[in-house]
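Chemist: Here is a sequence with its predicted model. Questions after.
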Amino acid sequence: MHRMTQSRLFTRSSSLRAIAVCAALFALPAAAQMPMADADYDASGYVTPAGMAHPSMYQGGVVPAGMAFSPGMQGYGPAAFPGGVMPVGFMSGGQCDGNCGTCDTGSGACGGNSRGGVIGSCMNGNGLCGCGLCGGGSCLDSLSKYCFFCRGSGCLACKSIDLRYLGSNLHKCRPYGEICGLRWYDLSAEAVFLGHTQGGSNFPVTSRGSGNPPPNVVLTSGDADGGDELAAGIRLSGALICGVGGNVEATYMGGNKWNATAGVTSDAPDLFSFISDFGDPAELDDVDRSISQSIGIESQLHSIELNYRRRTMGPYCRFQGSWLFGLRYLQFKNEMKYSTFGEPTRFFNSSDRVRNHMFGAQAGGDVWWNIHSGVRLGMGLKAAWVQNEIKRSFAVDANSVPDTVITDTRRGGDLLGEFELKFIWQFNHSWKFRSAYYVIAAEDIGFGSIDQDTVLSLEAGGTVINPAYVLDDLVVQGFSFGTEYNW
């Protein structure tokens, strides 16, 4: 009996509450049950979602989000806008159009009317406030209010011009890794800029006027030294794990091409060549008394390596190193061209193309200093004993001698060495920035030339003398920058 009495009392109480709520709703004035008559939805920029009726069609008593019990409304209640579903923030106290609560606090010149977006944050009855774009914030930050995508709510476009995010963006570039992480990469690619020395001596080629010694040298072989300029190439390398701490590496560096020309012209046929000792004791029809003479030098470099490398770690992980051995091939091409032209149809053209093919075994190693986790400085050395096969092709084309091509081959053992100074900055597990300084040196490298004795033998019409080899040391040096990748 007692439980039944409590259940009946509870049912009666709930029924009374429901009746009271219904009576209050029916007691509202008729105007409160209709949407706001003077609300211009279209002018406000409101867009009705597809499939949804216009807000003016709603007859329910749903209060717009953010509007109920707003201090800015008369009566502090929903009576001002009782009908219709409206967009978030529409016709609110701050006229918010997309980002309520940013830019400033609504005080000062903005008078509480600046709460977000282009209209709400930067305009009021007195025009632009604050620094000219937005009160309470920096001018640079305020530019984000003109963003077409978010109107300052914080998309990537806005953050890219916000100084507050500069530190976080730089933070993404901080070095990554462990101080004891073993040096490793799978693939690397670098842009390489190299220059090289020009072998042979610098000798006079052309003189204005005859005489021995030449009275006025106007062209020398050193005027066409293309190796002084840095030529662009690439360096590609790949590594494959082969045992604990070991890997097989394949590396290509090259594609660098150098090209330089120099010449001289004259209004009168008064240019003399070194081939005739500048017209003393006798002039040559092909090369002397010309009106133009020129010289050109072209070079090209290719290097291929296949090595086995074994890495080790030093105490406290600050230093680590490696040793390697393998095979190396280096190709260096060099060509010298010489041309003269005289009146009426006198001309002379020569070309000496020399190709050095060096192949042999090499050994070396490197040492790395782990400056910081993900930041490393390394130094490497390689030395190779190579067989250098020099192939040359010397060609002459002139008006008074038959076209001639002389080919020859020379073989010899030479030394080849390489020095590397390398820097690594690791961004994440997969990517690193890499930069290096390279020096490659080799001895007894063949260079192109203009052999005087060979040309004179052709002029005489007798036995042709093979051109002599010009051998000199080659030094290639330059820098690179690129990236490394780990799977």
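Modeler: Happy to help now that I have it. Numbers count the residues shown, from 1 in each chain.
Chemist: Tally up the residues packed near residue 241, please.
Modeler: 11 (other CB atoms under 10 Å). (Each C-beta comes from the backbone N, C-alpha and C, glycine too.)
Chemist: my guess is it meets residue 247, correct?
Modeler: Yes: between residue 241 and residue 247 there is a contact at 5.3 Å, judged by CB atoms under 8 Å.
Chemist: where in the stretch 51-200 of the chain is pLDDT low?
Modeler: In the predicted model of the stretch 51-200 of the chain, residues 51-149, 151-154, 156-172 satisfy pLDDT under 70.
Chemist: try 90 this time
Modeler: 51-183, 199-200 (pLDDT under 90).
Chemist: Can you name the residues that contact the residue lying closest to residue 430 once chain neighbours are set aside?
Modeler: Nearest non-adjacent residue to residue 430, counting by CB to CB, 6 or more residues apart in numbering: residue 486, 5.2 Å away. Going by CB atoms under 8 Å, 6 or more residues apart in numbering, residue 486 touches 184, 185, 186, 429, 430, 431, 432.
Chemist: Repeat that for residue 252.
Modeler: 234, 235, 236, 237, 302, 303, 304, 305 are the contacts of residue 252 under CB under 8 Å, 6+ apart.
Chemist: beta partners for it?
Modeler: Residues in a beta bridge with residue 252, per DSSP bridges, are residue 236, residue 304.
Chemist: swap in residue 388?
Modeler: residue 358, residue 412.
Chemist: count of neighbours near it?
Modeler: 24.
Chemist: And residue 211, by the same measure?
Modeler: If we define neighbours as other CB under 10 Å, then residue 211 has 13 of them.
Chemist: if I look at it, how far off is residue 217?
Modeler: Residue 211 sits 11 Å away from residue 217, going by CB to CB, to the nearest Å.
Chemist: swap in residue 184?
Modeler: Counting by CB to CB, the gap from residue 184 to residue 217 is 57 Å.
Chemist: So between those two, which is more surrounded?
Modeler: Neighbours per residue, other CB under 10 Å: of residue 184 and residue 217, the larger number sits with residue 217, 16 against 12.
Chemist: Mind pulling the model confidence for that one?
Modeler: Looking at residue 217, its pLDDT stands at 96.
Chemist: could you list every residue that touches it?
Modeler: Taking CB under 8 Å, 6+ apart, one finds 204, 206, 207 in contact with residue 217.
Chemist: Just among those residues, which is most surrounded?
Modeler: Going by other CB under 10 Å, residue 206 tops the contacts of residue 217 with 28 neighbours.
Chemist: Look up the pLDDT of that one for me, please.
Modeler: On the pLDDT scale, residue 206 gets 97.
Chemist: any idea how far residue 394 is from the closest residue to it other than its chain neighbours?
Modeler: Ranked by CB to CB, 6+ apart and with sequence neighbours excluded, the top spatial neighbour of residue 206 is residue 219, at 3.8 Å. Distance, residue 219 to residue 394, using CB to CB: 21 Å.
Chemist: where do the strands sit along the stretch 351-487 of the chain?
Modeler: 375-398, 404-426, 431-447, 470-485 (DSSP state E, counting those that start in this stretch).
Chemist: now the chain
Modeler: If DSSP state E is used as the criterion, the strands of the chain fall at 187-196, 204-208, 217-220, 231-241, 246-265, 271-273, 292-313, 319-342, 346-372, 375-398, 404-426, 431-447, 470-485.
Chemist: May I see these arranged in CSV, with distance to residue 453 as well?
Modeler: Below are the strands of the chain laid out as CSV (distance: least, CB to CB, whole Å):
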stretch, distance to residue 453
strand 187-196, 27
strand 204-208, 16
strand 217-220, 20
strand 231-241, 33
strand 246-265, 24
strand 271-273, 14
strand 292-313, 18
strand 319-342, 15
strand 346-372, 13
strand 375-398, 12
strand 404-426, 12
strand 431-447, 17
strand 470-485, 13
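Chemist: Could you look over those strands and pick the most buried one?
Modeler: Of all those, strand 271-273 carries the top mean neighbour count, a mean of 29, counting by mean count of other CB atoms under 10 Å.
Chemist: tell me what that one is packed against?
Modeler: strand 204-208, strand 292-313 (3 or more CB pairs under 8 Å, 6 or more residues apart in numbering; DSSP states H and E).
Chemist: Quick one, which of the ones you listed gets closest to residue 278.
Modeler: Closest to residue 278 of the helices and strands packed on strand 271-273 is strand 204-208 (CB to CB; 4.7 Å).
Chemist: which residues are in contact with that closest one?
Modeler: By CB under 8 Å, 6+ apart, strand 204-208 touches 214-221, 264, 266, 270-274, 278, 293, 295, 338, 450.
Chemist: What strands flank that strand, and is each parallel or antiparallel?
Modeler: Going by DSSP bridges, the partners of strand 204-208 are strand 217-220 (antiparallel), strand 271-273 (antiparallel).
Chemist: Lovely, talk soon.
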